[in-house]
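K.L.:
Sequence first, then the predicted structure:
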Amino acid sequence: MVGYNAKMTSGNRPRLTTNDAAEEGNPLLSPEQVPVNNGGQHRVDGEEVSQESISLNVQNSIANKEMTCITHRRRWMILIFLIFLILLVIGVSFALCLVIHDDADEKYNPTLFVLPRCFNGSFKLTNQIFIPELLSPASNQSKALSSQLQEKLSELYSSSPALSRYFSSVEISDFRNGSVVADYRLGFLMPLNNAELEQFTLSREMVYNVFRQSLYDQDPELNHPLYIHPASLDMQVTGESRSGVLYW
């Protein structure tokens, strides 16, 4: 009784010591242990939250980069597709123009070209030596040289963009002395009642200039036997036509 009374405080309330609590098997933690353990738990929870936030930020950053890359790729793909589409449209349009385009000037009926337009003249073959056999049109030398010159002049006018459709014939009529001077005749055919052709396309100036330009395109250093001296070229208009009959 004495011991029990000694542990009583004023107001008749018992005061328990630490040893008394331990002896009685009290399951509650001591006041000193609670703050320590709670603080440790709070620190662990804070670290987990921080790591989760960093992980989410990294994932969001990666996702944003991937979305940016995808957006750029789509833009480039759209741009390339548009360029390809534009080029395709241009190519198809150009092809259609080539197929559909019909040049009216390229369409003509040769059977309507019945009105003769004729020229004659002469030129000098400076790389030829005159021989008496050339005076005779029936000689082999005269026939061979005439054939070569006719082929040369025929190719000249047949390849002319302006005159090829009207070109009809060429003839080497004679050879004369003076190195070798050749007399020629040119024949063209044009439609009836076409004064513009006679004044411009088949004028003496046009036919003469086409011939002369081809002579300037020759290479004088090659010493070709059919070389024609450009300054020696002479041409006149002849063969006035009446009812489609050609007069030389």
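P.N.:
Perfect, thanks for sending it.
K.L.:
pretty sure residue 199 is in a strand, no?
P.N.:
No: read with DSSP: H, G, I helix; E, B strand; the rest coil, residue 199 is helix and lies in no strand.
K.L.:
What pLDDT is listed against it?
P.N.:
Model confidence at residue 199, given as pLDDT, is 90.
K.L.:
do residue 37 as well
P.N.:
We note a pLDDT of 50 for residue 37 in this prediction.
K.L.:
How about residue 142: what's its closest non-neighbour residue?
P.N.:
Closest residue to residue 142 apart from its sequence neighbours, by CB to CB, 6 or more residues apart in numbering: residue 134 at 5.1 Å. (C-beta placed from N, C-alpha, C; glycine too.)
K.L.:
Would you enumerate the residues in contact with the one you found?
P.N.:
Residues near residue 134 by CB atoms under 8 Å, 6 or more residues apart in numbering: 141, 142, 145, 175, 180.
K.L.:
One more pass at 6 Å, please.
P.N.:
141, 142, 175 (CB atoms under 6 Å, 6 or more residues apart in numbering).
K.L.:
Would you list the buried entries among the residues you listed?
P.N.:
142, 175 (16 or more other CB atoms under 10 Å).
K.L.:
Nearest to residue 115 among the contacts of residue 134?
P.N.:
residue 175 (30.6 Å; CB to CB).
K.L.:
Residues in a beta bridge with the closest one, which ones?
P.N.:
residue 182 (DSSP bridges).
K.L.:
For the chain, give me the ranges with low pLDDT.
P.N.:
1-49, 99-106, 239-248 (pLDDT under 70).
K.L.:
Residue 141 is in contact with residue 135, isn't it?
P.N.:
No: contact criterion CB atoms under 6 Å: residue 141 and residue 135 do not qualify, at 9.8 Å.
K.L.:
so the most centrally placed residue in the chain is in which element?
P.N.:
The centroid of the chain falls nearest to residue 91 when counting by CA atoms, centre = their mean (9.4 Å). In this structure, residue 91 sits in helix 33-100 according to DSSP states H and E.
K.L.:
just how off-centre is that helix within its chain?
P.N.:
38 Å (CA atoms, centre = their mean, to the nearest Å).
K.L.:
next helix or strand past it?
P.N.:
strand 113-125.
K.L.:
Measure how the next helix or strand after that next one sits relative to strand 113-125, angle-wise.
P.N.:
Counting by DSSP H and E, the next helix or strand C-terminal to strand 113-125 is helix 140-158. Counting by axes from the mean of the first three to the mean of the last three CA atoms, to 10 degrees, helix 140-158 lies at 120 degrees to strand 113-125.
K.L.:
Could you pull out the buried residues of helix 140-158?
P.N.:
Neighbour count says helix 140-158 has 142, 145, 146, 149, 153, 156, 157 buried, by 16+ other CB under 10 Å.
K.L.:
hang on, the earlier thing: the residue nearest to the centre of the chain and residue 218: what is the separation?
P.N.:
Distance, residue 91 to residue 218, using CB to CB, to the nearest Å: 42 Å.
K.L.:
Many thanks, I have nothing further to ask.
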